[in-house]
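Visitor: My questions are about this predicted structure, shown below with the sequence.
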Amino acid sequence: MEQLLGTGVALVTPFNTDLSIDTEALTRIVNYCIDGGVDYLVVLGTTGESVTLNKAEKVTVMETVVSANAGRLPLVLGIGGNSTFRIVDEIKSFESEHFCAILSVSPYYNKPTQEGIYQHFKAISEVTKKPILLYNVPGRTGSNMLPETILRLARDFENIIGVKEASGDMVQVQKILRSKADDFMVISGDDITALPTVLAGGAGVISVLGQGLPLEFSKMIRAGLNREVDEAYRLQYAMQEGMELIFKEGNPAGIKAIFESLDLSNAIVRLPLVEASSGLKKEISAFVKPFLRVTA
């Protein structure tokens, strides 16, 4: 899956003031990311507020991204949740040549054991031929998918091709990298650890900030993959404040504030999330200004 090497971005779902899907803004964001040089797009992930969308809205988001992308970049679709049976049924009914892989989060809220996590992904793997990316984000799920479980799944199922690792624990990342097969992809799910993950042997990132600063973030990851360490860290330090700001009041409130400052969409989110505060918006606007001069 070399097409998933480098910088992927977890797209937001923009909303109108009546909380309907803003397809025009989503189209602008897709084009902005592609023009900025990202390598692939992830649709209906956590950052896309997928848990607040009904089935029809998810179809609208998928169709909008597919149309805007027009075959230019690989697309990955988020299909995950905490009911194995429901996810299996959803994947069984999913047929689209437009998406090259499925990103599926480890079950949240239920707090399964490692064996439960293994059996969950086993059930998913066995009902599709699509490549699957595991998604480990214990800060959201309440349980950590351990390296041993990730490596066991990778070994046992050919279509489990990688993991989006967002534990924030570089020791855990290194344990996976040390023992994985050559063709298993370890993709950072944290902006702040993306470069260290790449330099340790990872395949890239699925980024949040990368969709707001696609040019700079893509350059950083590319430099890391090419072992241009000084240039990569120059870009890392230039963007580090933004990596912290966009999560200050939760995701995707922060990245949507960046899009508002870029005039690409408004900053509206759906409850139970709330829009970024005016104070944070001012901080984010000040952070973004130098990049506007650089990329103009």
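Guide: Cool, the structure landed.
Visitor: ok, how many other residues are close to the closest residue to Gly250 other than its chain neighbours?
Guide: Spatial nearest neighbour of Gly250, chain neighbours left out: Leu273 (6.1 Å); criterion: C-beta to C-beta, 6 or more residues apart in numbering. In short, each C-beta sits where N, CA and C put it, glycine included. A count of nearby residues for Leu273, using other C-beta atoms under 10 Å, gives 16.
Visitor: residue ranges for the helices of the chain, please.
Guide: 23-36, 55-69, 84-92, 114-125, 138-141, 147-156, 170-179, 194-199, 209-212, 214-225, 229-245, 253-261, 278-295 (DSSP state H).
Visitor: low pLDDT regions in this structure?
Guide: 293-296 (pLDDT under 70).
Visitor: circling back: which residues touch the residue nearest to Gly250?
Guide: 49, 250, 252-253 (C-beta atoms under 8 Å, 6 or more residues apart in numbering).
Visitor: which among those residues end up buried?
Guide: 49, 252-253 (16 or more other C-beta atoms under 10 Å).
Visitor: List just the nearest of those to Ala267.
Guide: Ala267 lies nearest to Ala253 out of these, by C-beta to C-beta, at 7.1 Å.
Visitor: Please tell me I have it right and the closest one contacts Leu271.
Guide: No: counting by C-beta atoms under 8 Å, Ala253 does not reach Leu271; the two are 11.7 Å apart.
Visitor: Between all of the contacts of Leu273, which two are separated the most?
Guide: Glu49 and Gly250 (11.0 Å).
Visitor: Report the separation between Ala166 and Ser277.
Guide: 25 Å (C-beta to C-beta, to the nearest Å).
Visitor: which of those two has more neighbours?
Guide: Taking neighbours as other C-beta under 10 Å, Ala166 and Ser277 compare with Ala166 leading, 23 against 13.
Visitor: Please name the residues that touch that one.
Guide: By C-beta under 8 Å, 6+ apart, the neighbours of Ala166 are 135-139, 188-190.
Visitor: can you count the residues close to Pro290?
Guide: Applying other C-beta under 10 Å, we find 10 other residues in the vicinity of Pro290.
Visitor: Likewise for Glu2?
Guide: Neighbour count of Glu2, defined by other C-beta under 10 Å: 10.
Visitor: sorry, back to before: columns distance to Ile124 on top of the buried ones among the contacts of Leu273, output as TSV?
Guide: Shown next, in TSV, are these (distance: C-beta to C-beta, whole Å):
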residue	distance to Ile124
Glu49	22
Pro252	25
Ala253	30
